[in-house]
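pasting the sequence and the predicted model now:
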Amino acid sequence: QVQLAESGGGLVQAGGSLKLSCAPSGHSFDYFNVAWFRQAPGKEREFLTRIEWSGASPYYADSVKGRFTISRDNIKNTVYLQMNSLKPEDTAVYYCAASGIVSSRVRDYPYWGQGTQVTVSS
């Protein structure tokens, strides 16, 4: 069982930046593709971005393209989400997830973290 843990969330003003981290416990990230999702109150979980296990082919949803950057450091066994130019509508719980396949669908990710809250004030 792969357990994931996110960190780095918090409160930031609109236009600010945050960097989230995601790391597994008791397991390597090797050969796992990793994605970030978010869920705002009353809304469905939304795909944001994904990266393949090799670090190749990062892919972004239109809602975050140009503002968010996903990266991974396989030596540190960590995946990052750099979020810039944050907007109040980015307020949500942010989750990382891991899968053996490349996908943007929630159902294709069997391993999830517990989430970290990001709040953007106007």
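In hand now; what should we look at?

going by C-alpha atoms from here, please, whenever you check contacts or count neighbours.
OK.

and the strands in the protein?
Applying DSSP state E to the chain gives strands spanning 3-7, 10-13, 18-25, 33-39, 46-51, 59-60, 68-73, 78-83, 92-99, 111-112, 116-121.

now the residue nearest to Gly113 when sequence neighbours are not counted: how far from Asn74?
Nearest non-adjacent residue to Gly113, counting by CA to CA, 6 or more residues apart in numbering: Leu4, 4.4 Å away. According to CA to CA, to the nearest Å, Leu4 and Asn74 sit 15 Å apart.

these two - which one has more neighbours?
Leu4 (21 against 15; other CA atoms under 10 Å).

before we move on, back to that, show me the beta-bridge partners of the residue nearest to Gly113.
On the basis of DSSP bridges, Leu4 is bridged to Pro24.

next up, the contacts around the most centrally placed residue in the chain.
Taking CA atoms, centre = their mean, the centroid of the chain lies closest to Trp36, which sits 2.5 Å from it. Counting by CA atoms under 8 Å, 6 or more residues apart in numbering, Trp36 touches Phe47, Leu48, Thr49, Arg50, Leu81, Tyr94, Tyr95, Cys96, Ala97.

how many residues are close by the third one?
Right, Thr49. Quick note: Thr49 (other CA under 10 Å) scores 24 neighbours.

surely it meets Ala61?
Yes - between Thr49 and Ala61 there is a contact under CA atoms under 8 Å: 6.1 Å.

rebuild the contacts of Trp36 as CSV, extending it with distance to Pro41 and pLDDT.
Converted to CSV, the contacts of Trp36 look like this (distance: CA to CA, whole Å; pLDDT from 0 to 100):
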residue, distance to Pro41, pLDDT
Phe47, 15, 98
Leu48, 16, 98
Thr49, 20, 98
Arg50, 22, 97
Leu81, 21, 98
Tyr94, 12, 98
Tyr95, 14, 98
Cys96, 18, 98
Ala97, 19, 97
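
excluding its backbone neighbours, what's nearest Val64?
Closest to Val64 by CA to CA, 6+ apart is Leu48, at 6.7 Å.
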